[in-house]
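Asks: Please work out how this folds:
(chains A and B)
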There are 2 protein chains.
Amino acid sequence: MILVADNVQITNPMIQQAIEERDPEPIQSLVKQCQKAGAEAIDVNSGPLTREPEKKMTFLVKAVQSVTDLPILIDTVNPRAMAAGLRTSRSRVIINGFSLEPAKIEHILPLASEFGVDIIGYLLYPDSRVPANASERLEIAIDLYRAVLQSGLQPEKLIIDPIIAPLLWDNGTLQAREVLDTIRQLPDLLGFNVRTIAGLSNLTTGKGETQKKRLVEQTYLPMLAAAGLDMCLLNVFHSETIKTAKACKSLLHDNIFAWE
Amino acid sequence: MILVADNVQITNPMIQQAIEERDPEPIQSLVKQCQKAGAEAIDVNSGPLTREPEKKMTFLVKAVQSVTDLPILIDTVNPRAMAAGLRTSRSRVIINGFSLEPAKIEHILPLASEFGVDIIGYLLYPDSRVPANASERLEIAIDLYRAVLQSGLQPEKLIIDPIIAPLLWDNGTLQAREVLDTIRQLPDLLGFNVRTIAGLSNLTTGKGETQKKRLVEQTYLPMLAAAGLDMCLLNVFHSETIKTAKACKSLLHDNIFAWE
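Replies: Model prediction:
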């Protein structure tokens, strides 16, 4: 399981300001901290970047890649920003992402073929509703897969995000289990070892005591890992969760175990 | 997932001495602590009790049940001790357990019908070897199931222990995953919702740093829970593991989630 930092995001006012002022330092500092904390890839979540999307994304990707060679995920709904990021990136890059939403099928998905990169597909309805259970998710996965084929992209470039829902939703615990089932069933359904990614912090969205949220995060992560999750998007500064993730790796990989 | 304390065991010199001296106090004290720590059942592991098995087991069960109404698991290979424990118990009791070992099929398994109680069957070869993978475990499960039917016991009385192996074994991580697969596959294989139990502390048997062992325990437990494990035998004084177990319950049960 590859640990992807979700820390570099526009909702962090420090990042927003750095982008506005074209000041790479705060971004560089954050990215270095993420890598030190155990990040194996960096999600670059710029938001929609409605003004000057190309310039801002180019700045952002360059700032990140001035201090790390880790793969990056470009996380924006803006196709112009996305294209600029893909053009700029000098290390491995993943599009994060598309869904059945027509605008995304039309404008984001084709970029994957154009740049020959992996793309994350969200198991969401075209109107962005979260499916109610595993079987709805699997139907959407088939639709995503078809869209990928139609776009001329190799299906192996698709990485599926089953969409973790907040536990605080009325059906939150059911959703948590259905996501696990979805991850387990996807390879059989699509007939190849499709990769999966999920955003762990969605689980604990909403009000709640920090310590309890962390415990729930640390508890759900091994369930995801054992279900076969390939990449986990998470706050890499949650050090206990990172320890748990590393323990998942030593448990689930084929190396001879040692208490290092 | 029901949490079963593995703390009351003869390898604890204090328990051994209490049995020898017929002094209930240390046992009562330990059992009360287990219940306070979150135990929902108590495994009473007396060892073989070669001398005075009936008297000692009777004393032990009475000592435990003088302070708790929790279900108990009687954990001995000695059929005379087992029978004495089953006769003595005044709360719910489970036989822990039998395997394909001929002596156990002959002398332990019939006690389940005789006393009308649940019995744990270990997925071990007749010579007590641990199977190498899930498919070997499932074959043994079928043999155990047949033995249960032949003994005249209702199959729903069978609880299966897939046998967690030490991670330090050469194939330790493989075994850890095969146990998860086994737990997931058993209900389909046997055609009913067969219950399962596993001994978590087996995983970390052998040399190793305590803190790392606990982390691995806390990481594997959610994997077991998500695979569908019904009962977990563990050291209930590992408070972080108990917290994780409780988080597993809130994640995997159907209640509306709340950060209590």
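Asks: How about the contacts made by residue A:253?
Replies: Residue A:253 makes contacts with residue B:173, as judged by Cβ atoms under 8 Å, 6 or more residues apart in numbering or on different chains. (C-beta placed from N, C-alpha, C; glycine too.)
Asks: if you set the cut-off to 10 Å instead, what comes out?
Replies: By Cβ atoms under 10 Å, 6 or more residues apart in numbering or on different chains, residue A:253 lies in contact with A:1, B:173, B:174, B:177.
Asks: which SSE is the third one in?
Replies: Same thing as residue B:174. helix B:172-190 (DSSP states H and E).
Asks: Can you name every helix or strand that that helix contacts?
Replies: Helices and strands touching helix B:172-190, by 3 or more Cβ pairs under 10 Å, 6 or more residues apart in numbering or on different chains; DSSP states H and E, are helix A:210-227, helix A:239-252, helix B:134-150, strand B:158-161, strand B:195-199, helix B:210-227.
Asks: thinking again about what came up before, what is the nearest of the contacts of residue A:253 to residue A:13?
Replies: residue A:1 (30.4 Å; Cβ to Cβ).
Asks: ok so, going back, need the helices and strands packed on helix B:172-190 in a markdown table with mean neighbour count, distance to residue B:24 and mean pLDDT, can you?
Replies: As requested, the helices and strands packed on helix B:172-190 are exported to a markdown table (neighbours: other Cβ atoms under 10 Å in any protein chain shown; distance: least, Cβ to Cβ, whole Å; pLDDT from 0 to 100):
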| stretch | mean neighbour count | distance to residue B:24 | mean pLDDT |
| --- | --- | --- | --- |
| helix A:210-227 | 22 | 36 | 97 |
| helix A:239-252 | 20 | 40 | 95 |
| helix B:134-150 | 18 | 35 | 98 |
| strand B:158-161 | 23 | 28 | 98 |
| strand B:195-199 | 24 | 26 | 98 |
| helix B:210-227 | 22 | 30 | 97 |
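Asks: Quick one: closest of these to residue B:258.
Replies: Nearest to residue B:258, of all the helices and strands packed on helix B:172-190, is helix A:210-227, at 10.0 Å by Cβ to Cβ.
Asks: how close does the closest residue in space to residue A:165 that isn't next to it in sequence sit to residue A:163?
Replies: Closest residue to residue A:165 apart from its sequence neighbours, by Cβ to Cβ, 6 or more residues apart in numbering or on different chains: residue A:175 at 3.9 Å. According to Cβ to Cβ, to the nearest Å, residue A:175 stands 9 Å off from residue A:163.
Asks: Then residue A:124?
Replies: From residue A:124 across to residue A:163, the span is 6 Å (Cβ to Cβ).
Asks: residues shared between the contacts of these two?
Replies: Common neighbours of residue A:124 and residue A:163 (Cβ under 10 Å, 6+ apart) are A:99, A:130, A:131, A:137, A:140.
Asks: For the helix holding residue B:174, the averaged confidence score.
Replies: On average, the pLDDT along helix B:172-190 is 97.
Asks: Check which helices and strands the helix or strand where residue A:60 lies is in contact with.
Replies: Per DSSP H and E: residue A:60 is located in helix A:53-65. On a contact count with 3+ Cβ pairs under 10 Å, 6+ apart, helix A:53-65 meets helix A:13-21, helix A:24-37, strand A:41-45, strand A:72-75, helix A:79-88.
Asks: Quick one, which of these gets closest to residue B:33.
Replies: For the helices and strands packed on helix A:53-65, proximity to residue B:33 was assessed by Cβ to Cβ; helix A:24-37 is nearest, at 37.6 Å.
Asks: Perfect, that will be all.
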